[in-house]
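[1] coordinates for the following, if possible.
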Amino acid sequence: NHSKAEILVLLKEGLPFFAGLLAAYIFVRMDVFFMRHIGTQHELGLYTSALQLAQAMSAFSGILVMAMAPIMVYKHTEIKIIKRNVLVLCGVMLVFSISSAAIASYSAPWLIPLLFGEKYAEAIPILERLLWGSIFLFLDAALNVYLIKMRRGKWIAFKWIFVIVISALAYWRLISEYSAFGAVAGYTIGYGAATILGLCLLVCDKK
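    From the prediction side, this is the model:
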């Protein structure tokens, strides 16, 4: 049985991570939410079809991080080594994401008609931009490893709340003017902000 003190410690450490996870989940759903309420149904269909393929590629970010983080980061205790290896992991993710985006962008003109039909050909440039914007998603996934390793739950929650605010403003402003391409811009701005803030937290943390 756990004592009340142990339970309180678990809650104190666990709740910020849960809040961060919830905020991240909200951010992931925001683009479609804003497209549904601000954009047209036609543009929503194009955007969601492109997003499905972009998300299929970005799923590899989690797989790569889970495969590499235990060896590169989690087993270490010295802060300098942890920070250095997180930056190395960022480099690996950057190379992989750029290569994947290039290959997938090259494949987009035949992939989308094959999967969704010729009427979705307008989604090709949307997918291409989403793929390149997803580079920030890969970098953020690598930077999250540091926050998890160092148990910075409050920082994770703060980061995603900040990203929600920034991306909400971007979606609200840009979708009304550029429709699906505005959603892509908001998506990129959101993950870009998460990456920049994650990098700042990594560099500035003195522990």
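[2] chain neighbours aside, what residue packs nearest to Ile164?
    Excluding its sequence neighbours, the residue lying closest to Ile164 (C-beta to C-beta, 6 or more residues apart in numbering) is Phe27, at 5.3 Å. From N, CA and C alone the C-beta is placed, and that goes for glycine too.
[3] pLDDT at Leu147, what is it?
    In this model, Leu147 is scored at 95, pLDDT.
[4] what of Ala19?
    For Ala19, the model assigns a pLDDT of 92.
[5] and for it, the neighbour number?
    For Ala19, the neighbour count with other C-beta atoms under 10 Å is 17.
[6] hang on, it packs against Lys159?
    No - between Ala19 and Lys159 there is no contact under C-beta atoms under 8 Å: 11.0 Å.
[7] so which bits of the helix or strand where Leu201 lies are buried?
    Assigned by DSSP states H and E, Leu201 falls within helix 180-204. Of all the residues in helix 180-204, those buried under the rule 16 or more other C-beta atoms under 10 Å are 180-195, 197-199, 201-202.
[8] ok, Ala180 to Ala50 distance?
    Going from Ala180 to Ala50 by C-beta to C-beta, to the nearest Å gives 8 Å.
[9] which residues does Lys154 contact?
    Pro16 (C-beta atoms under 8 Å, 6 or more residues apart in numbering).
[10] do the same with Ser134
    Contacts here follow C-beta under 8 Å, 6+ apart; on that basis Ser134 touches 54, 57-58, 97, 101, 191.
[11] go with 7 Å
    Residues near Ser134 by C-beta atoms under 7 Å, 6 or more residues apart in numbering: 54, 57-58, 97, 101.
[12] coming back round to it: the residue nearest to Ile164: how many residues sit nearby?
    21.
[13] what's the angle between the helix-or-strand element of the chain with minimal mean pLDDT and helix 180-204?
    Among the helices and strands of the chain, helix 4-38 carries the lowest confidence by mean pLDDT, DSSP states H and E, at a mean of 87. Interaxial angle of helix 4-38 relative to helix 180-204 (axes from the mean of the first three to the mean of the last three C-alpha atoms, to 10 degrees): 150 degrees.
[14] and helix 4-38, what's buried?
    16-17, 19-20, 23-24, 26-27, 30-31, 34-35, 38.
[15] same question for stretch 79-94.
    Within stretch 79-94, the residues that count as buried by 16+ other C-beta under 10 Å are 82-83, 85-86, 89-90, 93.
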